[in-house]
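Visitor: predicted model and sequence follow; I will ask about them next.
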Amino acid sequence: MGKETESHFFATVSRMKYIERWALMRSSRPENLSEHSLEVAMIAHALCTIGNVRYNRNLNAERAALIGMYHDASEIITGDMPTPVKYFNADIRGAYKGVEIVANNRLLSQLPEDLLPAFTDILVRNKDQEDDSERLLRRMVKAADKLSAYIKCIEEERSGNQEFRTAKQSTEKMLCEMAEELPEVRDFMDEFLPSYGKTLDELT
């Protein structure tokens, strides 16, 4: 294959498996960005499907899954910024948002030009051009991200690790606030969360 056709995009994205999450926390089992992104994609798809089936939404569940897959792709370049640091104040949060944009653009620059628009639509959010359906879909992905974090807390707690206790409390509070406007979140919490942390024998 000639060098002019070489693109580093997917090789770079595949390095998500080397980015470890929860860097400031003592974990009983490490979690990498790749497995987190897959979980977010699956939960985002589920939330949108629940919304379509039960609440007369018209959401593109497959698009939500794709956005979930790539939602933290910038961390391949930036690394995982611990939540207490990222949200310490508005200035730091705003600066980090700018870094995320630069990182995503750097990733996109590795694509062939003819594929760039399709992936830009997934990695780059343009709030000015979003309709109500897209905004709602993005909120579902955000909720899925929080649910994935909450699941990690549940699993750590049930393994006897108390390091995630306060993270679990704060994440649960955020999810309950989300569920006030998104009944899909409450449905997922009521119907699916109780199974997490159970043994294989209990699940089968």
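Guide: Perfect, thanks for sending it. In this text, all values refer to a predicted model and were calculated from it rather than measured experimentally.

Visitor: give me the low-pLDDT residue ranges for this structure?
Guide: Applying pLDDT under 70 to the chain flags residues 1-4, 79-96.

Visitor: for the top helix by length along the chain, packing partners?
Guide: The helix that spans the most residues within the chain, counting by DSSP state H, is helix 132-158. With contacts defined as 3 or more C-beta pairs under 8 Å, 6 or more residues apart in numbering; DSSP states H and E, the packing partners of helix 132-158 are helix 33-54, helix 61-70, helix 165-181, helix 183-191. (C-beta placed from N, C-alpha, C; glycine too.)

Visitor: pull stretch 53-69 out as CSV, backbone CA atoms only.
Guide: Provided in CSV are the C-alpha atoms of stretch 53-69 (Å, rounded to 0.1, in the frame of the first residue of the first chain):
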residue,chain,number,x,y,z
VAL,A,53,-40.8,2.1,22.6
ARG,A,54,-42.2,3.5,25.8
TYR,A,55,-42.3,7.2,25.5
ASN,A,56,-43.1,8.0,21.9
ARG,A,57,-39.6,9.4,21.1
ASN,A,58,-38.2,9.4,17.6
LEU,A,59,-34.5,8.9,18.5
ASN,A,60,-31.8,7.4,16.3
ALA,A,61,-30.5,4.7,18.7
GLU,A,62,-27.8,3.6,16.4
ARG,A,63,-26.4,7.1,16.1
ALA,A,64,-26.5,7.3,19.9
ALA,A,65,-24.4,4.2,20.1
LEU,A,66,-21.9,5.6,17.7
ILE,A,67,-21.6,8.9,19.6
GLY,A,68,-21.1,6.8,22.7
MET,A,69,-18.3,4.8,21.2
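
Visitor: select, out of the helices and strands packed on helix 132-158, the one closest to residue 129.
Guide: helix 61-70 (14.8 Å; C-beta to C-beta).

Visitor: list the helices and strands that closest one packs on?
Guide: With contacts taken as 3+ C-beta pairs under 8 Å, 6+ apart, helix 61-70 sits against helix 33-54, helix 116-123, helix 132-158.

Visitor: in stretch 134-154, what's buried?
Guide: Across stretch 134-154, burial judged by 16 or more other C-beta atoms under 10 Å covers 134, 136-154.

Visitor: return the distance of the most centrally placed residue in the chain relative to residue 157.
Guide: Of all residues in the chain, the one closest to the mean position by C-alpha atoms, centre = their mean is residue 145, 3.9 Å from it. Residue 145 sits 19 Å away from residue 157, going by C-beta to C-beta, to the nearest Å.

Visitor: likewise for residue 130?
Guide: Plainly put, residue 130 is 36 Å away from residue 157 if you go by C-beta to C-beta.

Visitor: okay, the two: which has more neighbours?
Guide: Taking other C-beta atoms under 10 Å, residue 130 and residue 157 do not tie; residue 157 has more neighbours (17 against 13).

Visitor: the more buried one and residue 164 touch, don't they?
Guide: Yes. Between residue 157 and residue 164 there is a contact at 6.0 Å, judged by C-beta atoms under 8 Å.
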